[in-house]
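Asker: the sequence and its predicted three-dimensional model are supplied below.
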Amino acid sequence: METLEQIKARAEAAVPGAKLEIVVNASPSAQHSLLVDNAHAAAVARFLRDDGQLRLDYASNVSGVDWLDTVVKQTVKSKRLIDGVEKEIEETLEIKKPGYLEAVYHLYSTPLKHGPVILRLRTENRTDQARVPSLTPVWRGAEFQEREIFDLFGIVFDGHPDLRRILMWDGFQDHPMRKDYVEPDDYEYEPTPHDAVLERAKPHYAAEAKA
């Protein structure tokens, strides 16, 4: 199979305007991936599926990733007048980088027996712009997996044919796989709480008894 650099170059040539970036994986697996801009994601996905040298017809695994807000420290140099003398000083600035969510597709070719090629889609943020295009129209097997990511991470897949919760019930609030998810301390749907759940529920029982 071609290198990721070669696949990136050919995809950019095949889809004018597409912006692809190689995301390096520093772990021992060294499974680097391709981040594609949302506007051209569907076209790039079709290229990966239909290109004769790739024929990546099988999305074996689609998963979500939650990247929280981070603070990056950056050292900058500047010149200031101190006691009438211009001096160079160093300052450490803290720059807040907003978090985002990702959908990650592991792609294989069943006829050519190669892969994976890992494709990433990224949301603008974790709040009001947590959207990416659905790739279910390209890989039909992604339908339930995108629904699971929608349910547990809160990514909205535009163009999905049936986007609704698949594990949690319709009235459930929040998304349990987010890193800042706060587990409730009283599972009202559990009639006989036990162990850690019972310990968290006890204050509620005391409040009900006083009432």
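Answerer: Received, thanks. Since this is a predicted model, take the numbers as computed values, not measurements.

Asker: my guess is Asn25 is in a helix, correct?
Answerer: No. The assignment for Asn25, made by DSSP: H, G, I helix; E, B strand; the rest coil, is coil rather than a helix.

Asker: pretty sure it is touching His32, no?
Answerer: Yes. In terms of C-beta atoms under 8 Å, Asn25 counts as a neighbour of His32; the distance is 5.3 Å. Heads up, the C-betas are built off the backbone N, CA and C, glycines and all.

Asker: so where's this protein shaky on pLDDT?
Answerer: Across the chain, the ranges flagged by pLDDT under 70 are 186-191, 193, 207-209, 211.

Asker: pull the contacting residues for the residue lying closest to Leu167 once chain neighbours are set aside.
Answerer: Nearest residue to Leu167 in three dimensions, chain neighbours excluded: Asp151, at 5.3 Å (C-beta to C-beta, 6 or more residues apart in numbering). By C-beta atoms under 8 Å, 6 or more residues apart in numbering, the residues touching Asp151 are Arg165, Ile166, Leu167, Met168, His175.

Asker: widest-spaced pair of those?
Answerer: Pairwise distances among the contacts of Asp151 were taken by C-beta to C-beta; the largest, 12.3 Å, belongs to Ile166 and His175.

Asker: so for the two, which sits in the more crowded spot?
Answerer: Looking at Ile166 and His175 with other C-beta atoms under 10 Å, you find the greater number of neighbours at His175, namely 22 against 16.

Asker: how close does the more buried one get to Lys79?
Answerer: In this structure, His175 lies at 48 Å from Lys79, with C-beta to C-beta, to the nearest Å as the measure.

Asker: what's in contact with stretch 46-55?
Answerer: 1-2, 7, 10-11, 14-15, 56-57, 107, 109, 111-112, 117, 119, 138-139.

Asker: which of the contacts of Asp151 lies closest to Glu124?
Answerer: Closest to Glu124, out of all of those and judged by C-beta to C-beta, is His175, at 16.7 Å.

Asker: element containing that closest one, please.
Answerer: With the criterion set as DSSP states H and E, no secondary-structure element contains His175; it sits in neither a helix nor a strand.

Asker: excluding chain neighbours, what is closest to it?
Answerer: Once its chain neighbours are removed from consideration, His175 has its nearest residue in Gly154; the separation is 4.0 Å (C-beta to C-beta, 6+ apart).

Asker: return the residues in contact with the one you found.
Answerer: Taking C-beta under 8 Å, 6+ apart as the criterion, Gly154 is in contact with Leu101, Arg126, Ala130, Asp174, His175, Arg178.

Asker: picking up where we left off before, same list, the contacts of Asp151, but as JSON lines with secondary structure and distance to Asp158 please.
Answerer: Listed next are the contacts of Asp151 as JSON lines, based on DSSP: H, G, I helix; E, B strand; the rest coil; distance: C-beta to C-beta, whole Å:
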{"residue": "Arg165", "secondary structure": "coil", "distance to Asp158": "17"}
{"residue": "Ile166", "secondary structure": "coil", "distance to Asp158": "18"}
{"residue": "Leu167", "secondary structure": "coil", "distance to Asp158": "21"}
{"residue": "Met168", "secondary structure": "coil", "distance to Asp158": "21"}
{"residue": "His175", "secondary structure": "coil", "distance to Asp158": "17"}
